[in-house]
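1. the amino acid sequence is not available; the structure is as follows:
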């Protein structure tokens, strides 16, 4: 079995996905080697469908998780309420 690896930018250009809303999520949360996005949001991206589910983040370790939560937890000053982290987190 051959496994092909593509950078997200290369993949999105190749398949005409450069304007997908997933890039808004990535832009807001910044890229990091400490966490990644997976699940339904990525499937929606690959199928060029709107994101109608939550966005699942996975973390390298507990410190990455706690740093992410302290940075992006909900508060009244958040401009993008749709991107704030909800209280019911499974870990």
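-> That came through fine. None of the values given here were measured: they were computed from a predicted structure. Residues are numbered from 1 along each chain as shown.

2. strands of this structure, residue ranges please.
-> 35-38, 56-59 (DSSP state E).

3. turn those into JSON lines, including mean neighbour count and distance to residue 9.
-> Every C-beta, even on glycine, is put in place using the N, C-alpha and C of the backbone. Shown next, in JSON lines, are those (neighbours: other CB atoms under 10 Å; distance: least, CB to CB, whole Å):
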{"stretch": "strand 35-38", "mean neighbour count": "14", "distance to residue 9": "15"}
{"stretch": "strand 56-59", "mean neighbour count": "16", "distance to residue 9": "20"}
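
4. can you list those in CSV and add distance to residue 12 and mean pLDDT?
-> Output for the strands of the chain, formatted as CSV (distance: least, CB to CB, whole Å; pLDDT from 0 to 100):
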stretch, distance to residue 12, mean pLDDT
strand 35-38, 14, 91
strand 56-59, 19, 90
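
5. could these go into TSV alongside distance to residue 47?
-> Converted to TSV, these look like this (distance: least, CB to CB, whole Å):
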stretch	distance to residue 47
strand 35-38	15
strand 56-59	16
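
6. contacts for stretch 37-52, please.
-> Residues outside stretch 37-52 that contact it (CB atoms under 8 Å, 6 or more residues apart in numbering): 15-17, 20-22, 25-26, 53-58.

7. same thing with stretch 58-68?
-> By CB under 8 Å, 6+ apart, stretch 58-68 touches 32-38, 57, 85, 91.
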